[in-house]
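*Asks:* okay, here's the prediction I keep looking at, along with the sequence it came from:
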2 protein chains.
Amino acid sequence: MPRPRLVLACAALLVACAALPASADTPTKPLTMADVLAAAKPGDWHALDPQNTLYLELKSGRVVIELAPDFAPNHVANIKALVRENYFDGLAILRSQDNYVVQWGDPHADARAGDKDQPRPIKTGKRTLAAEFTVPLNGKIPFVRLPDVDGYAAQTGFSGDFASARDPKLGRAWLTHCYGTLGVGRDLDVDSGGGAELYVVIGNSPRWLDRNITVAGRVVQGIELLSTLPRGTGALGFYEKAEQRIPVERIRLAADVPAAERTNLEVLRTDTPTFTALIESRRNRRDDWYKVPAGHIDVCSVPIPVRPAKS
Amino acid sequence: MPRPRLVLACAALLVACAALPASADTPTKPLTMADVLAAAKPGDWHALDPQNTLYLELKSGRVVIELAPDFAPNHVANIKALVRENYFDGLAILRSQDNYVVQWGDPHADARAGDKDQPRPIKTGKRTLAAEFTVPLNGKIPFVRLPDVDGYAAQTGFSGDFASARDPKLGRAWLTHCYGTLGVGRDLDVDSGGGAELYVVIGNSPRWLDRNITVAGRVVQGIELLSTLPRGTGALGFYEKAEQRIPVERIRLAADVPAAERTNLEVLRTDTPTFTALIESRRNRRDDWYKVPAGHIDVCSVPIPVRPAKS
């Protein structure tokens, strides 16, 4: 039997402890995230689905975005339609607000009749859609729940490759706004977004946006190409001069890109013991550097690891 | 008497409601942050103390940092000593890690005997100090408590111009790691920091660092000069080549800078009804754009407003 002191340590460790080799004589060393990832099995990873992966191509490089059709099916379908009609190609990043978001779309989206520059026409896609802020809790969407309290939601955790939240009383689930979250810009009306204007979070998690706007995915690689953009000096971080805007060279669906030009990535499955151990390694940091484990992690502070696919 | 519906609305608003003009006939409109700041009195603001304000001068401009002597008295005194002996001038930003920190100091701090480039000598300051991760809860430090739960600490709130946390059982208080927090780099040993290497948070609040490292202040203006720096491609975001480092032109104490060259800023006092109303305006966003108020705010998501001083 382990000594009482060791029992306490294990109680704090939850799941990770169960995975450790037990010994009555030598206290086991808790796992760091590096340990957890080193022990991951090939089946703990899955390849990104090319049908739900976007490549945002900037002059500085490629931003890889994973779409979330489980949470915003209509918006994801519409974004894919817009991408396939080349709607975004040659548009621009219009806004970079420090500690908040970058946003791209049509600089003339709000043009009035008679203005020289008119909005770019949309062909097969739609300009606006009914909001998809939340989805029903219908048991079809996976959910690996975090053990810790969250102030913004009754429950938080992970649904597939995404940080999410649920409220059983409301019977709703939604994706949480974390660093890297992709959202659908809208005006005052809840149904005024559609995916023609998109934003990515580049600051402290703005969780107060949850349930107020449609979340459509997350950046899985290349966010530094967005987070280091010069901040706009206008209100809300909009660029004040046209020449300050960052051109969007093109956005493509990975499935439409020749295999040789794809960025093949794998994501750690969140419904695995490996990910549960990873959560624990972040709840209580055990690297030698840490002296006081937090005993807590918030849903936006758990990394969902991504790596190049093994060829 | 207000109608039941209005009572519910007021219960959710807490303090802000009390400040609103009451009327039995017309439901009062909750205050937005813009409303709160527009109604602030001159006495709600205070000037930054030049004796505890640093100017980090980069080629791109000035970063203004407020020091926190209440929470790290020895480190703040040492940082000021290092500044006054011009220790930092000509050193460099060595590290920029996406969604985490930028860090500056002496690139040769870890040189070994015999290396060509030796660490810059420290004259009046000290290279290392005993850790100041937390301070005693002795009643001397102000604390405006947030009403909401926090997963990382028993209590969170504001102490002077800083986000902070407390644990009455431990009898300790500390500054929380938020976007813009200034911390003191250290090695494995808790007493291995001193202020010669400093970092600023440029990502999602890394609250798991709380109580593991000495926090010495926060950036009050110019953080975009740090947050937009190219990310380092080495481990932990360190720049791999010397020429990638960003030179620190100089760091000065505001008190040592001629009055005409100072950046005169005022900070909203956190111990005022105005700030309490501001907290509520962030707990429940009432701008027309918001449809579902969160009913919660975390300590790192409450802005502590800063403005140019009225001349």
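*Replies:* Received it, and whenever you're ready, just let me know what you need.

*Asks:* from here on, just use CA atoms for contacts and neighbour counts.
*Replies:* Fine.

*Asks:* spell out which parts of chain A neighbour chain B.
*Replies:* A:98-99, A:148-152, A:178-179, A:187-189, A:202-206, A:208, A:211-212, A:224, A:227-231, A:285, A:288-298, A:300-301 (Cα under 8 Å from any Cα of the partner chain).

*Asks:* same thing but at 7 Å, please
*Replies:* A:98, A:149-152, A:179, A:188, A:203-205, A:208, A:211-212, A:224, A:227-231, A:288-292, A:294, A:296 (Cα under 7 Å from any Cα of the partner chain).

*Asks:* tell me which element the residue nearest the centre of chain A is part of?
*Replies:* Central residue of chain A (Cα atoms, centre = their mean): A:R218, 2.9 Å from the mean position. Assessed by DSSP states H and E, A:R218 sits inside strand A:215-221.

*Asks:* give me the contact list for that strand.
*Replies:* Strand A:215-221 has contacts (Cα atoms under 7 Å, 6 or more residues apart in numbering or on different chains) with A:63-68, A:72, A:75-76, A:133, A:175, A:180-184, A:306.

*Asks:* those in strands, which ones?
*Replies:* Among the contacts of strand A:215-221, the members found in strands (DSSP state E) are A:63-67, A:175, A:181-184, A:306.

*Asks:* so which of these is surrounded by the most neighbours?
*Replies:* A:L175 (31 neighbours; other Cα atoms under 10 Å in any protein chain shown).

*Asks:* for chain B, see how far away the closest residue to that one other than its chain neighbours is.
*Replies:* Leaving aside its chain neighbours, A:L175 sits nearest to A:S164 (4.2 Å; criterion: Cα to Cα, 6 or more residues apart in numbering or on different chains). Applying Cα to the nearest Cα, to the nearest Å, the value for A:S164 to chain B is 15 Å.

*Asks:* helix, strand or coil for A:S164?
*Replies:* What DSSP: H, G, I helix; E, B strand; the rest coil gives for A:S164 is strand.

*Asks:* I figured A:R286 hits A:T32, correct?
*Replies:* Yes. Between A:R286 and A:T32 there is a contact under Cα atoms under 7 Å: 5.6 Å.

*Asks:* sorry, back to before: and the residues of chain A next to chain B, which are buried?
*Replies:* Among the residues of chain A next to chain B, those classed as buried by 16 or more other Cα atoms under 10 Å in any protein chain shown are A:98, A:149-152, A:179, A:203-205, A:208, A:211-212, A:224, A:227-231, A:290-291, A:294, A:296.

*Asks:* and stretch A:301-310, how far out from the chain middle?
*Replies:* 12 Å (Cα atoms, centre = their mean, to the nearest Å).

*Asks:* could you report the separation of the residue nearest to A:I65 when sequence neighbours are not counted from chain B?
*Replies:* In this structure, A:I65 finds its nearest non-sequential neighbour in A:V219, 4.3 Å apart by Cα to Cα, 6+ apart. Counting by Cα to the nearest Cα, the separation of A:V219 from chain B is 13 Å.

*Asks:* and if you look at A:A255?
*Replies:* To chain B, A:A255 is 28 Å away according to Cα to the nearest Cα.

*Asks:* tally of neighbours for the residue lying closest to that residue once chain neighbours are set aside?
*Replies:* Closest residue to A:A255 apart from its sequence neighbours, by Cα to Cα, 6+ apart: A:P50 at 4.6 Å. Using other Cα under 10 Å, A:P50 has 18 other residues around it.

*Asks:* A:L129 too?
*Replies:* As a burial measure, A:L129 scores 15 neighbours (other Cα under 10 Å).

*Asks:* quick one: it from chain B, how far?
*Replies:* Relative to chain B, and taking Cα to the nearest Cα, A:L129 is found at 17 Å.

*Asks:* still on that earlier bit, so which of the buried ones among the residues of chain A next to chain B are in strands?
*Replies:* Going by DSSP E, the strands hold none of those.

*Asks:* picking up where we left off before, who's in contact with the residue nearest to A:A255?
*Replies:* A:253-255.

*Asks:* tell me the pLDDT at it?
*Replies:* Note for A:P50: predicted pLDDT of 98.

*Asks:* my guess is A:V302 meets A:E280, correct?
*Replies:* No. Using Cα under 7 Å, A:V302 is not in contact with A:E280, being 9.5 Å away.

*Asks:* neighbour-wise, which of the two wins?
*Replies:* A:E280 (29 against 19).

*Asks:* and the host helix or strand of the more buried one, what's buried?
*Replies:* Using DSSP H and E, A:E280 maps to helix A:273-283. Within helix A:273-283, the residues that count as buried by 16+ other Cα under 10 Å are A:273-283.

*Asks:* for chain B, what's its nearest residue on the stretch 51-200 of chain A.
*Replies:* Among all residues of the stretch 51-200 of chain A, A:L188 sits closest to chain B, at 4.9 Å; criterion: Cα to the nearest Cα.

*Asks:* so what pLDDT did the residue nearest to A:D287 when sequence neighbours are not counted get?
*Replies:* In space, and not counting its chain neighbours, A:D287 is closest to A:T32: 6.0 Å by Cα to Cα, 6+ apart. At A:T32, the pLDDT value in this model is 92.

*Asks:* pretty sure A:T32 sits against A:S281.
*Replies:* Yes. Counting by Cα under 7 Å, A:S281 is a contact partner of A:T32 at 5.2 Å.

*Asks:* name the residues contacting each of these two.
*Replies:* Residues touching both A:T32 and A:S281 by Cα under 7 Å, 6+ apart: none at all.

*Asks:* the residue nearest to the centre of chain A pairs with what?
*Replies:* A:E66, A:T181 (DSSP bridges).

*Asks:* now A:R166
*Replies:* A:Q155, A:A173.

*Asks:* about what we covered before: now the residue nearest to A:D287: how far from A:W289?
*Replies:* 11 Å (Cα to Cα, to the nearest Å).

*Asks:* again with A:R218
*Replies:* From A:R218 across to A:W289, the span is 30 Å (Cα to Cα).

*Asks:* just A:L129 next, same as before
*Replies:* Counting by Cα to Cα, the gap from A:L129 to A:W289 is 49 Å.

*Asks:* same question for A:R252.
*Replies:* Per Cα to Cα, A:R252 is found 42 Å from A:W289.

*Asks:* go on, A:L56?
*Replies:* Taking Cα to Cα, one finds A:L56 at 37 Å from A:W289.

*Asks:* same deal with A:S159?
*Replies:* In terms of Cα to Cα, A:S159 sits 31 Å off from A:W289.

*Asks:* what's the answer for A:N212, then?
*Replies:* Between A:N212 and A:W289 the computed distance is 39 Å (Cα to Cα).

*Asks:* quick one: contacts for A:I65?
*Replies:* A:53-55, A:217-220.

*Asks:* tell me where the stretch 151-300 of chain A has helices.
*Replies:* A:224-227, A:273-283 (DSSP state H, counting those that start in this stretch).

*Asks:* in CSV: those, plus mean pLDDT.
*Replies:* What follows is those, written out as CSV (pLDDT from 0 to 100):
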stretch, mean pLDDT
helix A:224-227, 98
helix A:273-283, 97
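
*Asks:* contacts only, for A:G185.
*Replies:* A:193, A:197-199.

*Asks:* right, and A:I297 touches A:R283 too?
*Replies:* Yes. The pair A:I297 / A:R283 is scored as a contact, 4.8 Å apart, by Cα under 7 Å.

*Asks:* once you drop chain neighbours, what's closest to A:I93?
*Replies:* In this structure, A:I93 finds its nearest non-sequential neighbour in A:W104, 4.0 Å apart by Cα to Cα, 6+ apart.
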